[in-house]
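Student: sequence first, then the predicted structure, then my questions.
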Amino acid sequence: MTKKISAVVICCHVDSVSNRATIDELISFLNINNIKVYLEETAYNICNTPFAPIDFDIKNVININSVKQIDAELFVVIGGDGSMLGTCRDIAKHNIPVIGINKGHLGFLTDLDPENFKENLTKVINGEYSLEQRFFLQTSVLQHNKIIHQSLALNEAVVHSEKSAHMIDFSIYVSDAFMYSQKADGIIISTPTGSTAYNLSAGGPIIEPSLDVISVVPMFPHSMNCRPFIVSAQNVIKIAFAKELDEDIIVSCDGQIVMEANKDCVIEIQKCPINLCICHPHSYDYYKVLRSKLGFASKFIN
């Protein structure tokens, strides 16, 4: 059963006049509705310029990476899908729902329209919302059985050559069972959330978000019979490289976190025990989002 919202954290990572105006408008809206407002540190710094200082209590400015506990019931992210991805990785440990006001282009993860966000947000703070759990991937780079890099990914982990358009020779194991060896530009390991992102562009399947599965999609494989594959999210996916490989490897998480590896490394990708909780207005419809944002199943010729 959902409850009313009494305290909100506002997040924004992109400095623009439009985003600053939306932050101001959102603060005023929440104050009118007697909602306690916190500003994430980056959002506060964006708005608090010498030329246009924001009227805000500095005591309510927080750094979500350093605080252990936040007295709030909702994160509101102002930005596009990139801002949502970055913020969601940061806030995962707090187990607080998140909702986005779309200031980007596609806005697949951001439910609220910036032009009329107040109507739906009013319903949300009054308890008219649903909560959806999404899982992260935990991606680890191991060398001689020791973790040297690690990151979360909400959308996908991509393993590819450091050089553009260079094939790499690798083998994939699913919970220690050998799947196949392949020469390809790389491999995309995606969550259901990320199935409509890079995974989709590479020919991977759209996966309904509630499914507990992971998509494995080769990037331009040097083969006629290597296809996308779906595995249970309970598996650990391991990627090892041919000893003859003479170039370094890049492991990218959500296209934002970059980790380096080499032929002596093993990449381990598995479901993270921490979930992300996304807050949706009652009007949210996943298939409607597919149709409106991606033109899903639309006719080519009327």
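Tutor: Cool, got the structure. Numbering: from 1, shown residues only.

Student: okay, buried residues for stretch 19-32 please.
Tutor: For stretch 19-32, a neighbour-count test (16 or more other CB atoms under 10 Å) marks 19-20, 22-23, 26-27, 29-30 as buried. Every residue, glycine included, has its C-beta placed from N, CA and C.

Student: which outside residues touch the helix or strand harbouring Gly82?
Tutor: Per DSSP states H and E: Gly82 is located in helix 81-91. Among residues not part of helix 81-91, those counted as contacts by CB atoms under 8 Å, 6 or more residues apart in numbering are 11-14, 40, 64-65, 75, 77, 79, 98, 100, 103-104, 106-110, 136, 151-155, 197, 254-257, 276.

Student: how about the strands of the stretch 101-250 of the chain, start to end?
Tutor: With strands called from DSSP state E, counting those that start in this stretch, the stretch 101-250 of the chain shows them at 129-143, 146-153, 156-161, 168-174, 177-184, 186-190, 213-219, 229-232, 236-241, 249-253.

Student: buried ones in the first one?
Tutor: Looking back up the chat, that one is strand 129-143. Quick answer for strand 129-143 (16+ other CB under 10 Å): 129, 132, 134-142.

Student: low-confidence ranges in the stretch 51-200 of the chain?
Tutor: 51-53 (pLDDT under 70).

Student: circling back: of the strands of the stretch 101-250 of the chain, which is nearest Asn45?
Tutor: strand 146-153 (24.0 Å; CB to CB).

Student: tell me what the nearest residue to Thr193 once chain neighbours are set aside is bridged to.
Tutor: Of all residues not flanking Thr193 in the chain, Arg134 sits nearest, at 4.9 Å (CB to CB, 6 or more residues apart in numbering). Beta-bridge pairing of Arg134 under DSSP bridges involves Leu276.

Student: hmm, Arg134 is touching Cys279, no?
Tutor: No: using CB atoms under 8 Å, Arg134 is not in contact with Cys279; the gap is 11.6 Å.

Student: related to what we said a few turns ago, what sits against the residue nearest to Thr193?
Tutor: 154, 191-193, 209, 275-278.

Student: separation between it and Arg227?
Tutor: 25 Å (CB to CB, to the nearest Å).

Student: now swap in Ser171 and tell me
Tutor: 17 Å.

Student: more neighbours: which of those two?
Tutor: Set Ser171 next to Arg227 and count neighbours by other CB atoms under 10 Å: Ser171 wins out with 14 against 11.

Student: which one of the contacts of Arg134 is nearest Asn235?
Tutor: Of the contacts of Arg134, the one sitting nearest to Asn235 (CB to CB) turns out to be Thr191, at 13.2 Å.

Student: contact partners for the closest one?
Tutor: Thr191 neighbours (CB under 8 Å, 6+ apart): 134-137, 153-156, 214-215, 233.

Student: make JSON lines from these and add distance to Pro221 to it.
Tutor: Below are the contacts of Thr191 laid out as JSON lines (distance: CB to CB, whole Å):
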{"residue": "Arg134", "distance to Pro221": "28"}
{"residue": "Phe135", "distance to Pro221": "26"}
{"residue": "Phe136", "distance to Pro221": "26"}
{"residue": "Leu137", "distance to Pro221": "21"}
{"residue": "Ala153", "distance to Pro221": "22"}
{"residue": "Leu154", "distance to Pro221": "25"}
{"residue": "Asn155", "distance to Pro221": "21"}
{"residue": "Glu156", "distance to Pro221": "17"}
{"residue": "Ile214", "distance to Pro221": "18"}
{"residue": "Ser215", "distance to Pro221": "15"}
{"residue": "Ala233", "distance to Pro221": "23"}
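
Student: report how many residues lie close to the closest residue to Asn235 other than its chain neighbours.
Tutor: Closest residue to Asn235 apart from its sequence neighbours, by CB to CB, 6+ apart: Ser175 at 4.5 Å. Ser175 is flanked by 13 other residues according to other CB under 10 Å.

Student: same thing with Asn275?
Tutor: Around Asn275 there are 14 residues (other CB under 10 Å).

Student: wait, what's in contact with it?
Tutor: Per CB under 8 Å, 6+ apart, neighbours of Asn275: 92, 133-136.
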